[in-house]
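> Any chance you can model this:
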Amino acid sequence: MNIKRAKEEIINTVKAYLQKDETGSYIIPSIRQRPVLLIGPPGIGKTAIMEQAARECGIALVAYTMTHHTRQSAMGLPFISSKVYDGKECSVTEYTMSEIIASVYDTIENTGIKEGILFIDEINCVSETLAPVMLQFLQGKAFGNAKVPKGWIIVAAGNPPEYNRSVREFDVVTLDRVKTVNVEADYGVWREYARLQGIHGAVTAYLDSRQENFYKIETTVDGKHFVTARGWEDLSEILYAYERLGIRTDKDVVGQYLCDPEISVDFANYLELYYVYEKTYDMNSILLGNTDDRMKMRLSEASFDEKVSVVSMLLSRLNRSFGECAVLGNMTDSLFDALKTFRKRLENADVPPIGVLSALIQEKNNEYTKKKTAGLYSHDGEKSMVKCIAALENMSVKLAESGECDKDKAFEIVRQEFAEINTGREELVERVSKELANAFEFMDKVFGDSPQMVLFTTELAAGYYSMHFIEENGCEEFYRYNKGLLQM
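As a prediction, this is how the structure comes out:
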């Protein structure tokens, strides 16, 4: 199955295992809660879906990669204790708690979340001395004498033998105690993920036309050649970083992430053209509605790859703006809820307003720390909360500087600060709405009802942030063209 279907299966398994009866006991007893064993090629997103699954289920996640562990760190260190048997004192070997199990209990204590996923990666690539410990773990849900706490689901991941020479195959006894999920690379599924993550436009535009280069692992006379989903995503991050620094990304840099000479050179050449197109077609001018007829004429007569690249650049710029709107919108909503709480607490407070606000900020910080530790934030969700707390702290500074003790006047000070933030949000939405309208006008004049317009509208319809923005704020041009597509 593909990685999206595997994620659904993990979520369904978690929900099934965590069901409780009227007495509060788990309906499926622990002994029947088989660990999930994900087997799939490297770099396709097995770890990423674990983070997403835990977040969507609202439970904690503890993740370990076993390749750097020893038998002692996984099982615990031996020590000698004394026990009495039949009236005779005996020395007995016991074990300290496993580092991994201790991390689970630490997470429970730090977050207050008692249920979660214990994810063990590279489970079938461990050393000879650690292999029996891993088998015991899968079969008995324990490391040494320390069991995984109730309410914690075990998910393990590993690579098939053809991808890793150090893989140790599990015996039938172990396989009969796990729920095996075989995962394969799937570009269509990764493309959905790429939209949500904001993968660099050069990467998505290149792969849309060369999907056969998305994932490849082979052994040749020259050694191992491989390109993975992880490689493309990491390359996207370095492209963004280098662009901010004004550093050129050449074929040597690309080859550090795409370890296949043919594909890395091909992408590096495409990237050069992509940057040429970026200079030729000024995205700022397009979004501001200031493009001249010569640019439109040149693009209308350009090659297919050039047209697709420009559409990709335009979508990339818009998607960044849609993401900014989503973060600021979520931040403003969270801030509004916090200020409602502040107003309510002010009514019955016997301390100055600054004390009430300071206590609220501390609560928000504690909540943020716990959720971050538990891995319950998405990337943008975390950004929104950080901005919300920063705004509250800025309000606290303004309130402290005023020295205001009157409750109504104190609230008015923070209300005015919120009003400015909300005005900034509205201005951003208005600007992005105009950019989207200008983009459609440009696309219509250059391409009309062409495959490029289909691509543009389809990508907007498939994007999480783009559709969220359009549903919230509307876009007549989108609905008109999308309706036309549906009628085709």
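> the strands in the chain, which residues?
Using DSSP state E, the strands of the chain run over residues 36-39, 60-65, 78-85, 88-95, 116-121, 142-143, 146-147, 152-158, 179-182, 216-220, 223-227.
> Indicate which one of the ones you listed is closest to residue 369.
Taking C-beta to C-beta as the criterion, strand 60-65 is the member of the strands of the chain that comes nearest to residue 369, at 13.3 Å. C-beta coordinates here come from the backbone N, C-alpha and C atoms, glycine included.
> now the angle from that closest one to strand 152-158?
Computed with axes from the mean of the first three to the mean of the last three C-alpha atoms, to 10 degrees, the direction of strand 60-65 lies at 30 degrees from that of strand 152-158.
> Going by neighbour count, list what's buried in strand 60-65.
60-64 (16 or more other C-beta atoms under 10 Å).
> before we move on, the earlier item: tell me which of the strands of the chain lies nearest to residue 410.
Sorting the strands of the chain by C-beta to C-beta, the top spot, which is the nearest, belongs to strand 60-65 at 37.8 Å.
> okay, that closest one in PDB with CA atoms only?
Output of strand 60-65 as PDB, limited to C-alpha atoms (Å, rounded to 0.1, in the frame of the first residue of the first chain):
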ATOM      1  CA  ALA A  60       1.900  11.500  22.500                       C
ATOM      2  CA  LEU A  61       4.800  10.100  20.400                       C
ATOM      3  CA  VAL A  62       8.100   8.700  21.500                       C
ATOM      4  CA  ALA A  63      10.400   7.800  18.600                       C
ATOM      5  CA  TYR A  64      13.700   5.900  18.700                       C
ATOM      6  CA  THR A  65      16.100   4.700  15.900                       C
END
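> quick one: strands adjacent to that strand?
Neighbouring strands of strand 60-65 in its sheet, by DSSP bridges, are strand 116-121 (parallel).
> List of residues touching the partner strand?
10, 14, 46-47, 50, 53-54, 59-66, 100, 104, 107-108, 134, 137, 148, 151-158, 374 (C-beta atoms under 8 Å, 6 or more residues apart in numbering).
> Would you list the buried entries among the residues you listed?
Judged by neighbour count, with 16+ other C-beta under 10 Å as the criterion, the buried members of these are 10, 14, 46, 50, 53-54, 59-64, 66, 100, 104, 107-108, 134, 137, 148, 151-158, 374.
> which non-adjacent residue is nearest residue 17?
The spatial neighbour of residue 17 that comes closest, neighbours along the chain excluded (C-beta to C-beta, 6 or more residues apart in numbering), is residue 33 at 4.8 Å.
> Please report the distance of that neighbour from residue 141.
8 Å (C-beta to C-beta, to the nearest Å).
> for residue 186, same thing?
Using C-beta to C-beta, we find residue 186 at a distance of 31 Å from residue 141.
> again, but for residue 2
Residue 2 sits 28 Å away from residue 141, going by C-beta to C-beta.
> Compare those two and say which is more crowded by neighbours.
In terms of neighbours (other C-beta atoms under 10 Å), residue 141 is the more surrounded of residue 2 and residue 141; the figures are 21 against 18.
> confidence score at that one?
Here the pLDDT value assigned to residue 141 is 84.
> Is it in contact with residue 147, as I believe?
Yes - A contact is recorded between residue 141 and residue 147 when judged using C-beta atoms under 8 Å, the distance being 6.0 Å.
> Could I get the contacting residues of the residue nearest to residue 287 when sequence neighbours are not counted?
Take residue 287 and drop its neighbours on the chain: the residue closest to it by C-beta to C-beta, 6+ apart is residue 435, 4.1 Å away. Shown here is residue 435, whose contacts under the criterion C-beta under 8 Å, 6+ apart are 287-288, 317-318, 321.
> From the residues you listed, list the buried ones, please.
287, 317-318, 321.
> Run through the residues that contact residue 371.
Residue 371 is in contact with 111, 377, 385, counting by C-beta under 8 Å, 6+ apart.
> Most neighbours out of those residues, which is it?
The member of those that has the most neighbours, counting by other C-beta under 10 Å, is residue 385 with 21 neighbours.
> list the contacts for that residue?
Under the criterion of C-beta under 8 Å, 6+ apart, the contact partners of residue 385 comprise 331, 334, 364, 368, 371, 377.
> and if we set it to 7 Å?
The neighbourhood of residue 385, defined by C-beta atoms under 7 Å, 6 or more residues apart in numbering, consists of 334, 368, 377.
> Quickly note the distance from the residue lying closest to the second one once chain neighbours are set aside to residue 379.
In this case it means residue 368. Counting by C-beta to C-beta, 6+ apart, residue 368 lies nearest to residue 385, which is 5.3 Å off, once chain neighbours are set aside. Look at residue 385 and residue 379: by C-beta to C-beta, they are 11 Å apart.
> Which neighbouring elements make contact with the longest helix along the chain?
Here the longest helix in the chain is taken by residue count, with DSSP state H as the criterion, and it is helix 304-347. Using 3 or more C-beta pairs under 7 Å, 6 or more residues apart in numbering; DSSP states H and E, the elements in contact with helix 304-347 are helix 201-209, helix 261-280, helix 283-288, helix 353-374, helix 379-402, helix 407-447, helix 451-462, helix 464-473.
> Mind putting those helices into CSV with distance to residue 179 and mean pLDDT?
CSV is the format used below for the helices and strands packed on helix 304-347 (distance: least, C-beta to C-beta, whole Å; pLDDT from 0 to 100):
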stretch, distance to residue 179, mean pLDDT
helix 201-209, 32, 90
helix 261-280, 35, 91
helix 283-288, 48, 89
helix 353-374, 24, 91
helix 379-402, 29, 92
helix 407-447, 45, 93
helix 451-462, 31, 87
helix 464-473, 30, 91
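> so which of these is the most packed in?
Ranked by average neighbour count under the criterion mean count of other C-beta atoms under 10 Å, those are headed by helix 201-209 at a mean of 21.
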